[in-house]
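Q: Okay, sequence plus prediction incoming.
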Amino acid sequence: MQPMNGKPSSGSNVSQATEEKLSNRAKRKIEQEREQQRRRIFAVVGGVLAIAIVAAVVFFVTRKPSAPAVAIAPEIDTAIATDRMVMGNPDAPVTLVEWGDYSCPGCGNFALSVEPVLIDAFVKSGQVKFEFRPFPLDIHGNDAVLAAQAATCAADQGKFWRFHDTLFRNQKSEEGFSEPALTAMATQLGLDVPAFSDCLNKPETVDSVATSVQAGKDAGVDSTPTFFINGTKVDWQGWDTLKQDIEKALK
């Protein structure tokens, strides 16, 4: 019963204070539970992220780099005689020599567009013996030199011409003529890769290419492709002109 003066009794005050304390405790407990739940969530998320990061690091550290994609040239006609960088009848009445650079666009155009026609028209019939001599130009840097050395190593394994044509098919690739790209070519062409890799930068291989370049300079070569027919330098103006020069030499 409420007192006559309208003020709440002391018992009522105690009851309200107790309720407030209980309410505050409940709120703190709820907040504590929420905080614990947040911590558990953060711990789980952090653990998952840590595992993902470790897995990504392990993947990138341990994975093997994929071999560069290369375009492989077809085999040349097995009926055509070959000897290292020479193809055709050894006793052919006409010898056509090309001084070329694997990074030279003009040499690439000749290899892909003219060389097959030349082979069909004159090499298969035994009229022309065709020889390639490496002449990497300084303007094309180390890639051209390394490609020439790789071709020399392929010649050591009796697979020069297919490797030669494969180099030109990959002239514009993003990988260029890096060692991984050249090794990928050797792998796909069935070369002995350890022997190829050992050969690539051997002093003998480097000297072979340098000797070829010097011989070209001594013969008056200063650009690529440069052609000689039976020892005489001819102007390169395309297949039609070269064909006429060969036909003159055959008369």
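A: Alright, I've got the coordinates.
Q: Would you map out the domains in this structure?
A: Domain assignment for the chain, taken from automatic domain parsing, gives 10-63, 82-250.
Q: Comparing those domains, which comes out most buried?
A: Across those, averaging neighbours per residue (mean count of other CB atoms under 10 Å) puts domain 82-250 on top, at a mean of 18. All C-beta atoms are positioned from the backbone trio N, CA, C, and that covers glycine.
Q: Please compute how far that one lies from its chain's middle.
A: Put simply, domain 82-250 sits 21 Å off its chain's centre (CA atoms, centre = their mean, to the nearest Å).
Q: Following element in sequence after the lowest-mean-pLDDT helix or strand in the chain, please.
A: Ranking every helix and strand in the chain by mean pLDDT, DSSP states H and E puts helix 10-62 at the bottom, with a mean of 64. Counting by DSSP states H and E, the next helix or strand C-terminal to helix 10-62 is strand 82-83.
Q: Show me what the mean pLDDT comes to for that following strand.
A: Strand 82-83 shows an average pLDDT of 94 in the prediction.
Q: Partner strands of that strand and their direction?
A: Its sheet considered, strand 82-83 pairs with strand 86-87 (antiparallel) by DSSP bridges.
Q: List the neighbours of the strand it pairs with that are in contact with it.
A: Identification of contacts with strand 86-87 by CB atoms under 8 Å, 6 or more residues apart in numbering yields 76, 80-81, 119, 123, 129-131, 161.
Q: cutoff 7 Å now
A: Strand 86-87 is contacted from outside by 80-81, 123, 129-131, 161, using CB atoms under 7 Å, 6 or more residues apart in numbering.
Q: Which pLDDT value goes with the closest residue to V128 other than its chain neighbours?
A: Using CB to CB, 6 or more residues apart in numbering and skipping residues adjacent in sequence, the residue nearest V128 is F122, 3.8 Å away. Looking at F122, its pLDDT reads 96.
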